[in-house]
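S.K.: take this sequence and fold it.
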Amino acid sequence: MDKVSPLPQHGSVFFDPRDEDRQLRVSYHSEQDVFVLSLWRREMCLGTFRLPAADAARFVHVMVSSLAEQSDATGYADTQILGA
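M.R.: Predicted structure coming up:
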C-alpha cells in the first residue's frame with residue numbers, strides 16, 4: 001500500500017452523518033493538477049479517486065445544480081446554498 005501523506009494545505013475532511021469513523025477527504029495536488037478524493041475508515045484509507053482539475057467545474061456544477069433544484073422545491077434562496 002502507498003505511503004499515506006498528511007492532508008495538503010488545500011483540502012478538507014467531511015464526516016459521514018451515519019458514522020463519524022467514515023470520512024471523505026478532498027485534497028488538491030498542484031504538482032499533478034488533480035483533486036484526490038479518498039474514503040477513510042478511522043485512520044485507514046479504503047480507496048482514492050483522482051479527479052483532474054479540468055473536470056472539477058463539472059463535478060461542482062452537479063452538486064450546486066442539484067442543491068439549487070432542491071432549494072427551488074423548498075423555497076430557499078440560492079444564496080443560502082452557497083453560503084453567501
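S.K.: so how many other residues sit close to the nearest residue to residue 46 once chain neighbours are set aside?
M.R.: Counting by C-beta to C-beta, 6 or more residues apart in numbering, residue 39 is the residue found nearest to residue 46 once chain neighbours are left out, at 4.7 Å. For the C-beta atoms, the positions are set from N, CA and C on the backbone; glycine is no exception. Close neighbours of residue 39, defined as other C-beta atoms under 10 Å, add up to 15.
S.K.: can you pull the buried residues of the helix or strand harbouring residue 39?
M.R.: Residue 39 is located in strand 34-41, with elements delineated by DSSP states H and E. Using 16 or more other C-beta atoms under 10 Å as the test for burial, strand 34-41 gives 34, 35, 36, 37, 38, 40.
S.K.: now do the same for the residue nearest to the spatial centre of the chain: helix, strand or coil?
M.R.: Against the mean C-alpha coordinate of the chain, by C-alpha atoms, centre = their mean, the closest residue is residue 26 at 4.9 Å. Classification of residue 26 into helix, strand or coil gives strand, according to DSSP: H, G, I helix; E, B strand; the rest coil.
S.K.: could you pull out the strands for this structure?
M.R.: 11-16, 19-29, 34-41, 44-52 (DSSP state E).
S.K.: mean pLDDT added to the ones you listed, as JSON lines?
M.R.: Formatted as JSON lines, the entries for these read as follows, by pLDDT from 0 to 100:
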{"stretch": "strand 11-16", "mean pLDDT": "93"}
{"stretch": "strand 19-29", "mean pLDDT": "93"}
{"stretch": "strand 34-41", "mean pLDDT": "96"}
{"stretch": "strand 44-52", "mean pLDDT": "97"}
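S.K.: before we move on, back to that, pull the distance from the strand holding residue 39 to the chain's centre.
M.R.: In terms of C-alpha atoms, centre = their mean, to the nearest Å, the gap separating the centre of strand 34-41 from the centre of its chain is 8 Å.
S.K.: circling back: name the residues linked to the residue nearest to residue 46 by a beta bridge.
M.R.: Listed beta-bridge partners, residue 39: residue 24, residue 47 (assigned using DSSP bridges).
S.K.: what sits up against stretch 33-44?
M.R.: Contacting residues not belonging to stretch 33-44 are listed as 21-29, 45-54, 56 [C-beta atoms under 8 Å, 6 or more residues apart in numbering].
S.K.: this completes my enquiry, with thanks.
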